[in-house]
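J.: Structure for the following, please:
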Amino acid sequence: MKLQNIYIQAYLYRRREMGPTEYLLLQRARAETLYPGMWQMITGRIESGEGAVEAARREIYEETGMQPDAIFVVPYVAAFYFAQDDSIHHVPVFAATVPSDAEVLLSTEHDAYAWLEYEEAWKRLVFPGHREGLRMLRDYVIENDRPMESL
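T.: Numbering: from 1, shown residues only. Presented below is the predicted three-dimensional model:
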């Protein structure tokens, strides 16, 4: 069995003046071979010579067309087992803020997107690591307004 660190997760969120924080979820394209139609945050591979933070910035832009106002480390590392190559993956989790009026430009990897309040976003996420990353973002960063260093 291999241990690998080749993926990132990034949650985009926006704070509205009159209302709760909203989280961006993307629906994987039906044409995708892996998990078609599944709702998720931004995910992607770390490319050769790239650090995890750079990968998160690049994936955010590639999958949404947005440049975040700020990007932060969420104090959580997701983990999952991938049976196809008998590997365990440790995935750093990031969060990024975007303006409340930012436009989403989807890549071909996704068919749809939705800005959702926490409860609805949590219901749409399938994997425990995805849900836990969202919960850590809400509990640690947003609700407790912990100071986070922008990367």
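J.: Show me the shaky parts of the protein.
T.: The chain contains residues with pLDDT under 70 at 145-149, 151.
J.: cutoff 50 now
T.: Along the chain, no part satisfies pLDDT under 50.
J.: ok, which stretches of it are helices?
T.: 52-64, 118-124, 128-136 (DSSP state H).
J.: Nearest to residue 15, out of these?
T.: For the helices of the chain, the distance to residue 15 is smallest for helix 118-124, at 12.4 Å, taking CB to CB. (C-beta placed from N, C-alpha, C; glycine too.)
J.: give me the number of residues near the residue nearest to residue 86 when sequence neighbours are not counted?
T.: Once flanking residues are discounted, residue 86 sits nearest to residue 1: 5.2 Å by CB to CB, 6 or more residues apart in numbering. Neighbour count of residue 1, defined by other CB atoms under 10 Å: 7.
J.: Enumerate every residue touching the residue nearest to residue 17 when sequence neighbours are not counted.
T.: In this structure, residue 17 finds its nearest non-sequential neighbour in residue 100, 7.4 Å apart by CB to CB, 6+ apart. Contacts for residue 100 (CB atoms under 8 Å, 6 or more residues apart in numbering) come out as 14-17.
J.: Need the buried ones from those residues selected in PyMOL.
T.: A single PyMOL command selects the buried members of the contacts of residue 100 (16 or more other CB atoms under 10 Å):
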select buried, resi 14
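J.: In CSV, list the contacts of residue 100 along with distance to residue 92.
T.: Listed next are the contacts of residue 100 as CSV, based on distance: CB to CB, whole Å:
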residue, distance to residue 92
14, 22
15, 23
16, 27
17, 31
